[in-house]
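**Student:** here are the coordinates; sequence isn't available:
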């Protein structure tokens, strides 16, 4: 009987420790077909709309699966098919205390829309080849075919670090890769990337002079890119965000300069 009591107490403490470790940080939403999550030391679970997302979850989507993750600070991740992410760190104090967001994108593509935590400090998205810092902003990010490609949509700024070099931009539509500032994405390309991630085309797509799908209408004069030269990334480069799951590289840019 004494041994049974010791076993029960040990099991309860193990369960309590697991519950503490599995801190709920958000919920799943808009699931298409399925998303799967695995917390450290736990078996894989299927996410449904409203299911909890916990710290350190590893989340996967199949080739015909996608969904959103909504965090307590109103950060939103839209995860494309054939993607894997890891939620490394989420700290949120509604009273204004310390906060932070960090994650990995090991393959695939996503849309990041920052919440309260990224207003206070950069949200971190790591890929196998680069680290992105996103401050008060929304962005599209992919890691496909061994290359990182990120498109800045709106907000304060986005930086990329790779190989000891850092490049930052606050230009609407700026494309950042491991090589730095690569130019500006066309509205058509942004629409293609959003379709890849969300599964349907944006209801409206503005020209560079209009605002839709998270793209601001103009770049304020005090928010210039780090480079005044670049290349135009057009609709022919949609493979950068996974059409047919291939990436054709920066050589696919045309030499038409920055869209102003």
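**Tutor:** Looks like it arrived, so ask away. Everything quoted here is computed from the prediction, not taken from an experiment.
**Student:** Looking at this structure, which strand is longest?
**Tutor:** Ranked by number of residues, the top strand in the chain under DSSP state E is strand 147-162.
**Student:** Tell me the buried residues in the helix or strand following it?
**Tutor:** Read in the C-terminal direction, the helix or strand following strand 147-162 is strand 165-169, with elements assigned using DSSP states H and E. Within strand 165-169, the residues scored as buried using 16 or more other CB atoms under 10 Å are 167, 168, 169. Any C-beta I mention is one placed from the backbone N, CA and C, and that applies to glycine too.
**Student:** my guess is the first one meets residue 180, correct?
**Tutor:** Read that as residue 167. Yes: Residue 167 is in contact with residue 180 according to CB atoms under 8 Å; the separation is 4.0 Å.
**Student:** The longest strand of the chain - contacts with which helices or strands?
**Tutor:** Judged by 3 or more CB pairs under 8 Å, 6 or more residues apart in numbering; DSSP states H and E, strand 147-162 is in contact with strand 131-144, strand 165-169, strand 174-177, helix 187-198.
**Student:** hey, which of these is tucked in deepest?
**Tutor:** For those, the largest average neighbour count (mean count of other CB atoms under 10 Å) is found in strand 174-177, namely a mean of 25.
**Student:** which other helices and strands contact it?
**Tutor:** Using 3+ CB pairs under 8 Å, 6+ apart, the elements in contact with strand 174-177 are strand 147-162, strand 180-185.
**Student:** what about stretch 60-68, how long is it end to end?
**Tutor:** Distance across stretch 60-68, first residue to last, is 12 Å (CA to CA, to the nearest Å).
**Student:** What residues sit buried inside it?
**Tutor:** Neighbour counts over stretch 60-68 (16+ other CB under 10 Å) mark 60, 61, 65, 66, 67, 68 as buried.
**Student:** Tell me which two of these sit farthest apart.
**Tutor:** Longest distance between any two of the buried residues of stretch 60-68 is 14.8 Å, between 60 and 68; criterion CB to CB.
**Student:** Which strand residues bridge the closest residue to residue 89 other than its chain neighbours?
**Tutor:** Using CB to CB, 6 or more residues apart in numbering and skipping the chain neighbours, the partner closest in space to residue 89 is residue 102 (4.1 Å). When assigned by DSSP bridges, residue 102 has beta-bridge partners residue 89, residue 124.
**Student:** partners of residue 79 in the sheet?
**Tutor:** Going by DSSP bridges, residue 79 is paired in beta bridges with residue 67, residue 110.
**Student:** Quick check: which ranges of this structure have low pLDDT?
**Tutor:** With pLDDT under 70 as the threshold, the chain has low-confidence stretches at 1-22, 201-260.
**Student:** Now for residue 121, how many residues are close by?
**Tutor:** Other residues lying near residue 121 total 14 when counted by other CB atoms under 10 Å.
**Student:** Could you list which residues are in contact with the nearest residue to residue 143 once chain neighbours are set aside?
**Tutor:** In space, not counting the residues next to it along the chain, residue 143 is nearest to residue 127; the distance is 4.1 Å by CB to CB, 6+ apart. Taking CB atoms under 8 Å, 6 or more residues apart in numbering as the definition of contact, the neighbours of residue 127 are 104, 105, 106, 141, 143, 148.
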